[in-house]
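J.: The sequence and its predicted three-dimensional model are supplied below.
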Amino acid sequence: MSLKSEEVIAIAHLARLGIEDAAIDDYARDLSRILDLVAEMNTVDTEGVAPMAHPLDAAQRLRPDAITETNQRDKFQSIAPDVEAGLYRVPKVIE
């Protein structure tokens, strides 16, 4: 597909892009090449090809879900200014 200068100007206007007049022919050529590539890709037979979320079939490496720190809740709450029923109390900041 070959785009004309008027079409490039219209596309730029719709996309709210400012382009210089000297570059319009370059944009037309580049956009035409992109559209030709897309048209060529559309001709490829993809019947039976499963869609992929990622081109690499790799599993995420995750660390084991294990406790690595000791429970220090009582120690921290002992130095807190105000604690009730195991929760930290703070002043009301929204009226």
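T.: Ah, there it is.
J.: Okay, strands next: where are they in the chain?
T.: 83-84, 87-88 (DSSP state E).
J.: Strand partners (parallel or antiparallel) of the first one?
T.: Strand partners for strand 83-84, identified by DSSP bridges, are recorded as strand 87-88 (antiparallel).
J.: just to revisit the earlier point, nearest to Glu7, of the strands of the chain?
T.: Closest to Glu7 of the strands of the chain, according to C-beta to C-beta: strand 87-88, at 63.2 Å. In short, each C-beta sits where N, CA and C put it, glycine included.
J.: and the closest one, what's its mean pLDDT?
T.: What strand 87-88 shows for mean pLDDT is 94.
J.: For it, report the contacting residues that lie outside it.
T.: Gln77, Ala80, Asp82 (C-beta atoms under 8 Å, 6 or more residues apart in numbering).
J.: Please apply the same query to stretch 65-79.
T.: Val83, Gly86, Tyr88.
J.: make it 7 Å
T.: Val83 (C-beta atoms under 7 Å, 6 or more residues apart in numbering).
J.: Now that stretch: average pLDDT?
T.: The model assigns stretch 65-79 a mean pLDDT of 93.
J.: Just the CA coordinates for that stretch, please, in PDB.
T.: C-alpha atoms of stretch 65-79 as PDB (Å, rounded to 0.1, in the frame of the first residue of the first chain):
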ATOM      1  CA  ASP A  65       7.700 -19.200  50.500                       C
ATOM      2  CA  ALA A  66       9.300 -19.600  53.900                       C
ATOM      3  CA  ILE A  67       9.500 -17.400  57.000                       C
ATOM      4  CA  THR A  68      13.000 -15.900  57.200                       C
ATOM      5  CA  GLU A  69      12.500 -13.500  60.100                       C
ATOM      6  CA  THR A  70      11.400 -14.100  63.700                       C
ATOM      7  CA  ASN A  71       8.100 -12.600  65.000                       C
ATOM      8  CA  GLN A  72       9.000  -9.400  66.900                       C
ATOM      9  CA  ARG A  73       5.500  -8.000  67.100                       C
ATOM     10  CA  ASP A  74       5.500  -7.900  70.900                       C
ATOM     11  CA  LYS A  75       8.900  -6.100  71.000                       C
ATOM     12  CA  PHE A  76       7.800  -3.500  68.500                       C
ATOM     13  CA  GLN A  77       4.400  -2.900  70.200                       C
ATOM     14  CA  SER A  78       6.100  -2.500  73.600                       C
ATOM     15  CA  ILE A  79       7.800   0.700  72.400                       C
END
